[in-house]
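*Asks:* Sequence below, structure please.
(one chain, ligands or ions: 1)
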Amino acid sequence: MAESSSAAPEIEERSLPFFEAAERGVLALQRCQTCGTFLAPVRSRCSSCGGTRIAWAEASGSGRVWSHGRLQRSFLPEHEGKLPLTLVWVELDERVRFASRLAASERAPVRTGDRVSVVFERLADGTPVPVFRRAD
Ligand SMILES: [Zn+2]
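*Replies:* Presented below is the predicted three-dimensional model:
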């Protein structure tokens, strides 16, 4: 892969299905084909049964805030002009925790247990990144 000076997450070959789904506004997660457990982040072995038959599956993109925190300072160019941001761990309806942040447009405080759903923001280079907004 060519070197890049942008803050885009490095798109490894094994993460390509994730970004292809993101282009369609869909959150894709790995899923163990042996026991059905959804997995995040990307891994080569199931965290539940140890199985290695893993495929990509579309997730609902909905869940609840499991934990959250404020990001006041950042050296990442992708955060420029967006601080402070709210970092969130979302417990997705697929029963897997996903580390992300609230959408830049979400200014009201979020609480643990709040329902959220995924939306995609684009980095300067166009890479879609999954973030969350409050679901009504
Ligand atoms: Zn498994």
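
*Asks:* Scan the protein for its longest strand.
*Replies:* Using DSSP state E, we find that the single longest strand of the chain is strand 62-71.

*Asks:* Can you name every helix or strand that it contacts?
*Replies:* strand 85-92, strand 97-101, strand 115-122 (3 or more CB pairs under 8 Å, 6 or more residues apart in numbering; DSSP states H and E). Yep, even glycine has a C-beta here, placed from its N, CA and C like the rest.

*Asks:* Could you dump these into CSV with mean pLDDT, mean neighbour count and distance to Val42 added?
*Replies:* Shown next, in CSV, are those (pLDDT from 0 to 100; neighbours: other CB atoms under 10 Å; distance: least, CB to CB, whole Å):
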stretch, mean pLDDT, mean neighbour count, distance to Val42
strand 85-92, 95, 20, 15
strand 97-101, 95, 17, 12
strand 115-122, 96, 18, 17
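
*Asks:* closest to Gln30 out of those strands?
*Replies:* Evaluated with CB to CB, the helices and strands packed on strand 62-71 place strand 97-101 nearest to Gln30, the distance being 11.7 Å.

*Asks:* isn't Gln30 right up against Thr52?
*Replies:* No: when contacts are counted by CB atoms under 8 Å, Gln30 is not listed as touching Thr52 (11.3 Å).

*Asks:* Between those two, which is the more surrounded one?
*Replies:* Each of Gln30 and Thr52 has its neighbours counted (other CB atoms under 10 Å); Gln30 has more, 24 against 12.

*Asks:* What sits closest to the more buried one if chain neighbours are left out?
*Replies:* Leu39 (4.3 Å; CB to CB, 6 or more residues apart in numbering).

*Asks:* Show me the contact partners of stretch 39-58.
*Replies:* 12, 14-15, 17-18, 21, 26-35, 37-38, 92, 96-99 (CB atoms under 8 Å, 6 or more residues apart in numbering).

*Asks:* Restricted to strands, list the residues you listed.
*Replies:* Filtering those for strands - DSSP E - leaves 28-32, 38, 92, 97-99.
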